[in-house]
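K.L.:
A predicted structure for the sequence below; I have some questions about it.
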Amino acid sequence: MSLVLEGFLNTVALTLLSFAGALVVGLVVAVLRIVPVPLLRGVGAVYVEVWRNVPLLAWLVLFVFGLPEVGVRMPLFWTAFTAIALYEAAFVAEALRSGVNSVASGQGEAARALGLSFRQSLWHVILPQAGRRVVQPLANIAIALTMATALAGVVGVVDMTRAAQRINLELAQPLLVFTGVGLCYLLMAAGIGFGARVLERRLA
Amino acid sequence: MFDAPGPRFRRRVFWVSVASALVLAALAALALRQFAANGQLDPVRWRPYLTWPVWRYLLGGLGSTVVAAFATGVLAMAGGLLLALRPNRFTRAYAEVMRTVPVLLLVYVMLFVLPSFGVNLPLFWKLVVPLALSHAASCAVIFRAGVGSVDPGQREAGLSLGMPDGAVTRFVVLPQAVRHMTPLLVTQAVSLLKDTSLGYVVSYTELLFNGRVLANYNGLLIQTFIVVAFVYLVVNLALSRVAHRLEARRARIAR
């Protein structure tokens, strides 16, 4: 039973932490993709393309087994956290960027016509309007991230899915165990969806 | 997002570029130093990846990846079509469950649960069936959005010309819907191709699994997985490029 709890807590912790990390990195990358410096825009574009075109499992394997080979040693949980956060950051960046792009370009032009600088028009005009529109896409990314943490189980983190598989070996009650774990994921997704709706209403 | 830059602004952009180039160079140097300090840049450790047998093995894995992705794609599109045609409580619940439950869990069900009920599929299907089940839900969403994106006036126009309902769907609505859906389906193919890396778990000999076998054999962990990641990157970038091209063409035709 403690294995179930450990797995559940690990999944929740990994989801929350990686999502926070992905938000921070994704925000940076999204800003890189819209600044007026071509080199930085290129860096942002390369980041997004490289991270989202390689499977997360490949990144996890590369990080977990590869990093110790180049002398970077971290606890397993934090290695998985790094890989998942950096991977999902690419998707967060794209969601943020399309949110910014969805704000009509007339808004940006109006802000500049009033004499606001790039930074001012971004912070006071574009981002508040974009914020509302990115809540739903970000919630979808958070749900996808919940599912993605299951892959950390493959490289050794004892998450919910991994725990289910281990318990199943002992209990031999597959239907019960796997349905229960599936329900846990459904509950987490429902929680995220609920939070997103509340947040959306607050921002509207 | 910004005006055509003036001279002062252009100078600032120049200095920011120089500064960021220096930061990037420093990061790259740091990474290289870390690699070199642990002997990972040793030519001996990279030379195997210039030889044909190693590449033949990896490309064989890529072939299996593509076969699995193709089979999954066909099944998922068929399933998605069924789901999209009958929007009812069951299909909605199905889509909701598939959107939230990890594919890995479904794979584990295939691997550890079904055999105890006497359903023991070959490895290939243990990978393909869970993937198809989950991607069918995504395909259904794409199909529904595609049909929804066709102007209702098109259907009305067809009906007012006296065409039967089925013919309107087949000759007027669907061709336009397909044009809307194709870029999304190609994007879905990228995500599907990435998901086949779960073959690593079921021991289906696709690209990532072959990478693991190779790394176990020659002990070149980091080199092998960097090369594998690179292969994934090239294939998926090509697919993304196709999606982008299709999307641009669709936008041009729509205008």
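P.N.:
Everything's here; your move.
K.L.:
which regions of the chain lie under the pLDDT threshold?
P.N.:
Let's take chain A. A:1, A:204 (pLDDT under 70).
K.L.:
um, chain B though
P.N.:
B:1-5, B:254-255.
K.L.:
any chance you could map the helices in it?
P.N.:
Taking DSSP state H as the criterion, chain B carries its helices at B:7-37, B:43-46, B:52-85, B:89-100, B:103-108, B:123-148, B:152-160, B:165-168, B:174-195, B:199-202, B:207-218, B:221-254.
K.L.:
which other helices and strands contact the helix or strand hosting A:Thr82?
P.N.:
Of the helices and strands defined by DSSP states H and E, A:Thr82 is found in helix A:76-102. If contacts are counted by 3 or more Cβ pairs under 8 Å, 6 or more residues apart in numbering or on different chains; DSSP states H and E, helix A:76-102 sits against helix A:2-34, helix A:38-52, helix A:56-61, helix A:127-148. C-betas here are computed from N, CA, C, even on glycine.
K.L.:
Highest mean neighbour count out of these?
P.N.:
Comparing the helices and strands packed on helix A:76-102 by mean neighbour count (mean count of other Cβ atoms under 10 Å in any protein chain shown), helix A:56-61 comes out on top with a mean of 24.
K.L.:
And chain B, is it touching that?
P.N.:
Yes: between helix A:56-61 and chain B, judged by Cβ under 8 Å from any Cβ of the partner chain, the touching residues are A:56-59, A:61.
K.L.:
which ones are touching A:Ala190?
P.N.:
Contacts for A:Ala190 (Cβ atoms under 8 Å, 6 or more residues apart in numbering or on different chains) come out as B:Thr100.
K.L.:
Would you mind measuring from it to A:Thr146?
P.N.:
Here the criterion is Cβ to Cβ, to the nearest Å. By it, A:Ala190 lies 11 Å from A:Thr146.
K.L.:
Ok, B:Ala177 next?
P.N.:
As judged by Cβ to Cβ, B:Ala177 and A:Thr146 stand 31 Å apart.
K.L.:
Please apply the same query to B:Val44.
P.N.:
43 Å.
K.L.:
residues near B:Leu30, how many?
P.N.:
By the measure other Cβ atoms under 10 Å in any protein chain shown, the count of residues near B:Leu30 is 10.
K.L.:
cool, B:Leu85 as well?
P.N.:
One way to gauge burial is a neighbour count; for B:Leu85, by other Cβ under 10 Å, it gives 12.
K.L.:
for B:Leu83, same thing?
P.N.:
Neighbour count for B:Leu83, taken as other Cβ under 10 Å: 23.
K.L.:
which residue sits closest to it, ignoring its sequence neighbours?
P.N.:
Residue nearest to B:Leu83 in three dimensions, not counting chain neighbours: B:Ala140, with 3.7 Å by Cβ to Cβ, 6 or more residues apart in numbering or on different chains.
K.L.:
What is the neighbour count of the one you found?
P.N.:
In terms of burial, B:Ala140 registers 26 neighbours under the definition other Cβ under 10 Å.
K.L.:
so it touches B:Gly80, yeah?
P.N.:
Yes: B:Ala140 is in contact with B:Gly80 according to Cβ atoms under 8 Å; the separation is 4.2 Å.
K.L.:
In JSON lines, list the residues of helix A:56-61 next to chain B along with distance to B:Ala69.
P.N.:
As requested, those are arranged in JSON lines below (distance: Cβ to Cβ, whole Å):
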{"residue": "A:Leu56", "distance to B:Ala69": "16"}
{"residue": "A:Leu57", "distance to B:Ala69": "14"}
{"residue": "A:Ala58", "distance to B:Ala69": "15"}
{"residue": "A:Trp59", "distance to B:Ala69": "19"}
{"residue": "A:Val61", "distance to B:Ala69": "19"}
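K.L.:
ok, now which ones touch B:Ser138?
P.N.:
Contact criterion Cβ under 8 Å, 6+ apart gives B:76, B:80, B:98, B:188, B:191 as the residues in contact with B:Ser138.
K.L.:
Identify the nearest residue to the fourth one in space, disregarding sequence-adjacent positions?
P.N.:
What that stands for is B:Gln188. Residue nearest to B:Gln188 in three dimensions, not counting chain neighbours: B:Ser138, with 5.9 Å by Cβ to Cβ, 6+ apart.
K.L.:
can you list the residues of the stretch 1-150 of chain B near chain A?
P.N.:
Proximity of the stretch 1-150 of chain B to chain A is confined to B:1-3, B:5, B:9, B:13, B:16-17, B:20-21, B:24, B:34-35, B:37-38, B:40, B:96-97, B:99-105, B:108-109, B:112-113, B:116 under the rule Cβ under 8 Å from any Cβ.
K.L.:
Fine by me, we can end here.
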